[in-house]
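Chemist: turn this into a structure:
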Amino acid sequence: MLKKIILALALLVLWTGVSYAATAEQVEFLISGSLKADGSINSAGKVYTCDAGTTCGPSTSDPKTTWQDGNKAVAHANPIILDSIGTSVVYADGNYKLQIHDSDDNLVETIDNAFYVVASIAVQTQVTLTPSSQAVSTSANTYYCNATAGAVTTDFSGVSAVGNTGQRFTFKKTDSSANTCTIDPLSSQTIDGVTTVILSAQYDDATIESDGSNWTEVRGSFVTDSISERTSGVGVTIDGVLLKDSEVTTDVLNEKSSGVGVTIDSLLIKDGEAALANIIDNQGAGNNLQVSIVNIGAWDMTATAQISKAHGLSILDITSYEASIYADGNSALFQLAIANSSGADGAVTGQVQVEGANVLVRRNETGFFNSAFFNDPNIDRGWITIWYME
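Modeler: Numbers count the residues shown, from 1 in each chain. Have a look, this model is predicted:
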């Protein structure tokens, strides 16, 4: 009885969600040996095997095959004749009724709905894609893309998202070349709404899964110095920060390494400074304080006392301005005094003044800037810095 209970529990576990396989499962209790009702060994006993729920025994009309090996190469006779200690090596596949008799065909035991099957386990295989071998199929789950010899574009002609809900594929670019690996689904099918996903840097990867109609990217990582937006004009979001058309739609963007700064569209922002920038935006609430840099260009200050430069701004928005002047040979940099202020020597050295659409930069007739230190006609003399509100 205990043997029957154990067998029934095992069968209950095996019944759920398992399909028939090309191999068979061993009938383990026949290895331990069959006993008669009086407890003696069922030597030379007989085991009739039939379809579950049918009449089974010497007069069975519906026998069911068992085998001597797990690969189903050699079938057992029906009935199976047990050896001298009541055992036999038996493999079965499916739902059986087992009727055990003694050597004289007296009934010893009946076991119905005995289900035997070898669970089929899907093995994830790996395939390498190359320019000459680009096909994707359901026989493999992982595809390593080697684009050393040229760009690779996947061939999904044998795989459709339709009817394959839950089917997953993982793609990974393994080489360091500049050639790309393009994941290109069948026909008009898309991956998260786009027609292709491109792996451009070594170790970029993406895992896609079918939703029954199209593909969804369920995981992906991109190891690259350059990230292009997937859809033009949408931008790229990194760690909650949207980078879009050279704009940063956030109030705070922290540098990864202290003191290194953050570069956006070739503009280095570092410790509150901006290098080589025409405009730096303060993206906080309210009016934005802007900085405009106007190049002075060549200026022999001994030959010409004043120059005029267009500032391109509304005079009502300008809040402050100043001029920075290089000495000949770029040997030193000085600030030209704003109107009505004095230089380092206590005298007014020059003026910077906004009039209409122009900025006027003027040095005094006598004084520091009217000297041989500032008479090179070819030197880029410096720049005008203008602060304004937008």
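Chemist: confirm that Val359 sits in a helix.
Modeler: No - using DSSP: H, G, I helix; E, B strand; the rest coil, the assignment for Val359 is strand, not a helix.
Chemist: wait, what's in contact with it?
Modeler: Val359 makes contacts with Val294, Ser308, Lys309, Ala310, His311, Tyr321, Val352, Gln353, Ile384, Ile386, as judged by CB atoms under 8 Å, 6 or more residues apart in numbering. C-beta here means a position set from N, CA and C on the backbone, and glycine is covered the same way.
Chemist: rebuild those residues as CSV, extending it with distance to Ile111 and pLDDT.
Modeler: Formatted as CSV, those follow (distance: CB to CB, whole Å; pLDDT from 0 to 100):
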residue, distance to Ile111, pLDDT
Val294, 97, 92
Ser308, 107, 93
Lys309, 102, 93
Ala310, 100, 93
His311, 98, 90
Tyr321, 99, 90
Val352, 104, 89
Gln353, 108, 89
Ile384, 99, 92
Ile386, 96, 93
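Chemist: for ChimeraX, what selects the buried ones among those?
Modeler: Filtering the contacts of Val359 down to the buried ones (16 or more other CB atoms under 10 Å) takes a single ChimeraX command:
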select :294,309,311,321,352,384,386
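Chemist: and the strands in the stretch 151-300 of the chain, which stretches?
Modeler: Taking DSSP state E, counting those that start in this stretch to define them, one finds strands in the stretch 151-300 of the chain at 152-153, 168-173, 181-183, 197-199, 205-210, 215-221, 236-238, 241-244, 247-248, 262-264, 267-270, 273-275, 289-295.
Chemist: avg pLDDT for the third one?
Modeler: For strand 181-183, the per-residue pLDDT values average out at 95.
Chemist: repeat for the second one
Modeler: Per-residue confidence for strand 168-173 averages out to 93 on the pLDDT scale.
Chemist: who does that strand pair with, and is each partner parallel or antiparallel?
Modeler: strand 142-145 (parallel), strand 205-210 (antiparallel) (DSSP bridges).
Chemist: what's the answer for the third one, then?
Modeler: With DSSP bridges as the test, strand 181-183 is paired with strand 152-153 (parallel), strand 197-199 (antiparallel).
Chemist: so what touches that strand?
Modeler: Strand 181-183 has contacts (CB under 8 Å, 6+ apart) with 129, 145, 147, 151-154, 171, 173, 191, 196-200, 204, 206, 208.
Chemist: that older thread, which of the strands of the stretch 151-300 of the chain has the lowest average pLDDT?
Modeler: Looking at those, the bottom one is strand 273-275 with a mean of 43.
Chemist: mind checking how far Thr349 is from Asn378?
Modeler: 23 Å (CB to CB, to the nearest Å).
Chemist: and for Gln189?
Modeler: Between Gln189 and Asn378 the distance is 63 Å, computed by CB to CB.
Chemist: next: Asn288.
Modeler: Using CB to CB, we find Asn288 at a distance of 37 Å from Asn378.
Chemist: so between those two, which is more surrounded?
Modeler: Per other CB atoms under 10 Å, whichever of Asn288 and Asn378 has more neighbours is Asn288, with 14 against 9.
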